[in-house]
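K.L.:
what's the 3D shape of this:
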Amino acid sequence: MPTLRQLFLQHIAKTSPQPLGFEISHAEGMYLYDTSGKRYMDLIAGIGVSCLGHRHPRVLEAIQHQLNRYLHTTVYGEFILEPQVAFAERLTQQLPPSLSVVYYANSGAEAVEGAMKLAKRATGRPNIVACRQAYHGSTQATTALMNPTTYSRGYFPLLPGIHHIDFNADAPLECIDQHTACVIVEPVQAEAGVRLPANDFLLRLRKRCDETGALLVFDEVQTGFGRCGSLFAFQQWSVVPDILVLAKSLGGGLPLGAFIASPELMQTLSKNPILGHLTTFGGHPLSCAAGLANLNTLLEEQLVEKVNTKAQSFVQLLEKHPAVCEIRHAGLLMAVSFASAEDMQKVTQYCLQNGLITDWFLFDDRSLRIAPPLIISATQIEEACSILRKGMDQLIDKEKTD
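P.N.:
Numbers count the residues shown, from 1 in each chain. This is a model prediction of the structure:
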């Protein structure tokens, strides 16, 4: 009989030549366990998904309750489903009044695609402006938003009409003009290695969009749900987008994305023609029930308010290590930079071998990602940093012997 690993290699499509290949048995809280019983602390929260850790009791309870009611009923937007409505109401209560109508999708990439369609439909314009070194998904349209083209050049030609600017650009934003449907930007650039908006960059984007009639879209797929120290990162910069995109932590561990806008904008998808945007599984009742429990737990247990204190603990425990070149962070979205990509990989591999799951960034291969579940405790932070420092010690020891 073939092993599970052999079947995995035979039947599961790969995203890289050498997948990590851990055989996961179960998960709980901060930890994953493989079939040998080895425990791994998840320091990246399933790449931004598990903000409450794995299998949070309140999320499981909500899932079980919904399992006993119904699963899929019909395509999205036709039947009135209590989990969808309750979650949308609770979610929009946390947002500015102009962001009051939710369109659910299955993922972040789908939500970005929906936002792009909405912007084109509402403005009647063909072009979209995005930032270099941003990641918005891997579908045909969202791949077109990427620059550099490291991960997209093999799929040309892609969607036309995409223009790029530098995040935090001081130059005039003249490429945002009367032909621009929208500007899509992360309030904090994640895959660039955690780059915060400098000076008045987001305010300048808002002003230029207002001047030209373009819509401003914030992609908070990675930065939302407390990750950056406020429920949504944009709340720290006093700039309100026309469209907000969410996913990852939105579903409490289940697949869910959404784009959110005003009633005036969103209604353009339902007429001339009708059915302007469709999804079968978007807003699945199970995902919405889990998402509502996830959001309620974040709010009621005041986990967001503790994020910056926990982030400072990481900084204090790591910043003085001689192998660390820089630590950049927005709350618990953190990048620890090393002298080279090789150094970063050595630390990452040491961590994996010693029960700590870390990662790097698509557009910054010198930096190690720290983005743990928000439930991480002070003791667990010390445990994680102890492993990280021992991994970094290898770099210093090598320098001494060379």
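K.L.:
can we go C-alpha only for contacts and neighbour counts from here?
P.N.:
Fine.
K.L.:
sec struct for residue 181, please.
P.N.:
Secondary structure, DSSP: H, G, I helix; E, B strand; the rest coil: residue 181 is strand.
K.L.:
distance of it relative to residue 163?
P.N.:
11 Å (C-alpha to C-alpha, to the nearest Å).
K.L.:
and for residue 192?
P.N.:
18 Å.
K.L.:
who's in contact with stretch 386-398?
P.N.:
318, 321, 322, 323, 343, 346, 347, 348, 350, 351, 354, 356 (C-alpha atoms under 8 Å, 6 or more residues apart in numbering).
K.L.:
now, which of those residues sits nearest residue 102?
P.N.:
residue 356 (36.4 Å; C-alpha to C-alpha).
K.L.:
go ahead and confirm the closest one touches residue 384.
P.N.:
Yes. The pair residue 356 / residue 384 is scored as a contact, 6.9 Å apart, by C-alpha atoms under 8 Å.
K.L.:
so for residue 398, what's the pLDDT?
P.N.:
Per-residue pLDDT puts residue 398 at 68.
K.L.:
hey, where'd the strands end up in the stretch 251-400 of the chain?
P.N.:
With DSSP state E, counting those that start in this stretch, the ranges of strands along the stretch 251-400 of the chain come out as 257-261, 326-330, 333-337, 356-357, 359-361, 364-370.
K.L.:
what about residue 146, neighbour count?
P.N.:
If you count neighbours by other C-alpha atoms under 10 Å, residue 146 ends up with 23.
K.L.:
who's in contact with it?
P.N.:
Per C-alpha under 8 Å, 6+ apart, neighbours of residue 146: 130, 131, 132, 133, 134, 135, 136, 152.
K.L.:
ditto for residue 16
P.N.:
Listed by C-alpha under 8 Å, 6+ apart, the contact set of residue 16 is empty.
K.L.:
which residue comes closest to residue 255 once chain neighbours are left out?
P.N.:
residue 106 (5.8 Å; C-alpha to C-alpha, 6 or more residues apart in numbering).
K.L.:
surely the one you found and residue 281 touch.
P.N.:
Yes. Between residue 106 and residue 281 a contact is recorded at 6.7 Å, counting by C-alpha under 8 Å.
K.L.:
tell me which of those two has more neighbours.
P.N.:
residue 106 (22 against 18).
K.L.:
do you know how far that one is from residue 286?
P.N.:
Distance from residue 106 to residue 286, counting by C-alpha to C-alpha: 12 Å.
K.L.:
just residue 297 next, same as before
P.N.:
Taking C-alpha to C-alpha, one finds residue 297 at 17 Å from residue 286.
K.L.:
when those two are compared, which one has more neighbours?
P.N.:
residue 286 (24 against 16).
K.L.:
residues in contact with that one?
P.N.:
63, 66, 67, 71, 83, 254.
K.L.:
now with 7 Å, please.
P.N.:
63, 66, 71 (C-alpha atoms under 7 Å, 6 or more residues apart in numbering).
K.L.:
generate the ChimeraX command that creates a selection of the buried members of those.
P.N.:
Applying 16 or more other C-alpha atoms under 10 Å to these, the buried members can be selected in ChimeraX as follows:
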select :63,66
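K.L.:
just the ones of the contacts of residue 286 in strands?
P.N.:
Among the contacts of residue 286, no residue falls in strands (DSSP state E).
K.L.:
possible to save the contacts of residue 286 as TSV with pLDDT?
P.N.:
Output for these, formatted as TSV (pLDDT from 0 to 100):
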residue	pLDDT
63	98
66	98
71	97
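K.L.:
of the contacts of residue 286, closest to residue 303?
P.N.:
The closest of the contacts of residue 286, once distances to residue 303 are taken by C-alpha to C-alpha, is residue 63, at 21.2 Å.
K.L.:
can you pull out the strands in the stretch 101-250 of the chain?
P.N.:
Applying DSSP E, counting those that start in this stretch to the stretch 101-250 of the chain gives strands spanning 101-105, 127-131, 162-165, 180-185, 215-219, 243-246.
K.L.:
before we move on, the earlier item: who touches both of residue 181 and residue 163?
P.N.:
Shared contacts of residue 181 and residue 163, defined by C-alpha under 7 Å, 6+ apart, comprise residue 128.
K.L.:
who's more crowded, these two?
P.N.:
Just comparing residue 181 and residue 163: by other C-alpha under 10 Å the higher neighbour count belongs to residue 181, 29 against 18.
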